[in-house]
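K.L.:
mind looking at a prediction? Sequence and model below.
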Amino acid sequence: MRSVSPPPPGREIQNTDLKVLVITNLTRNVVESHLRTIFGSYGEIKKIDLPVFAKSGQNRGKAALEYVESAAAEKAVLHMNKGQIDGAILNVELSNTILR
């Protein structure tokens, strides 16, 4: 299992109740199991929404991910924003969007 990276200097965890992350700049190679494995190290994931193109089945470059607990979402943002998956630098932000 992959070890958790330390937070970048100067970043602090914000105290919010938000549990949903929006992840952008994903490469077309990333699939749901990659997100579940990588982001699951920060806490229990309730749901992942990874939109794909109908013809190719490849993702559209973004995903939404909901954690069971807000602390896990905050930790994931702290560690994964500007982190890399498949060579791409990610943008990871908390969101008040509700996943259905």
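P.N.:
Sure thing, it's come through.
K.L.:
how about the helices of the protein, start to end?
P.N.:
For the chain, applying DSSP state H gives helices covering 32-39, 70-80.
K.L.:
so who does the closest residue in space to Y67 that isn't next to it in sequence touch?
P.N.:
Leaving aside its sequence neighbours, Y67 sits nearest to A73 (Cβ to Cβ, 6 or more residues apart in numbering; 4.5 Å). Glycine gets a C-beta too; all of them are placed from N, C-alpha and C. The neighbours of A73, taking Cβ atoms under 8 Å, 6 or more residues apart in numbering as the test, are 18-21, 42-43, 66-67, 94.
K.L.:
dump these to TSV, plus neighbour count, pLDDT and distance to N81.
P.N.:
Shown next, in TSV, are the contacts of A73 (neighbours: other Cβ atoms under 10 Å; pLDDT from 0 to 100; distance: Cβ to Cβ, whole Å):
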residue	neighbour count	pLDDT	distance to N81
L18	17	93	14
K19	24	95	16
V20	20	97	14
L21	27	96	9
Y42	22	97	12
G43	18	97	16
E66	18	97	17
Y67	23	97	15
L94	19	96	10
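K.L.:
which stretch among the helices of the chain approaches G61 most closely?
P.N.:
helix 32-39 (12.8 Å; Cβ to Cβ).
K.L.:
give the other helices and strands that the closest one contacts.
P.N.:
strand 45-49, strand 62-67, helix 70-80 (3 or more Cβ pairs under 8 Å, 6 or more residues apart in numbering; DSSP states H and E).
K.L.:
buried sites along stretch 92-100?
P.N.:
Residues of stretch 92-100 classed as buried: 92, 94-95 (neighbour count, 16 or more other Cβ atoms under 10 Å).
K.L.:
now for L65, how many residues are close by?
P.N.:
26 (other Cβ atoms under 10 Å).
K.L.:
pretty sure it contacts K19?
P.N.:
No - applying Cβ atoms under 8 Å, one finds L65 not in contact with K19, separated by 9.3 Å.
K.L.:
find the residues that touch each one of the two.
P.N.:
Going by Cβ under 8 Å, 6+ apart, no residue sits against L65 while also sitting against K19.
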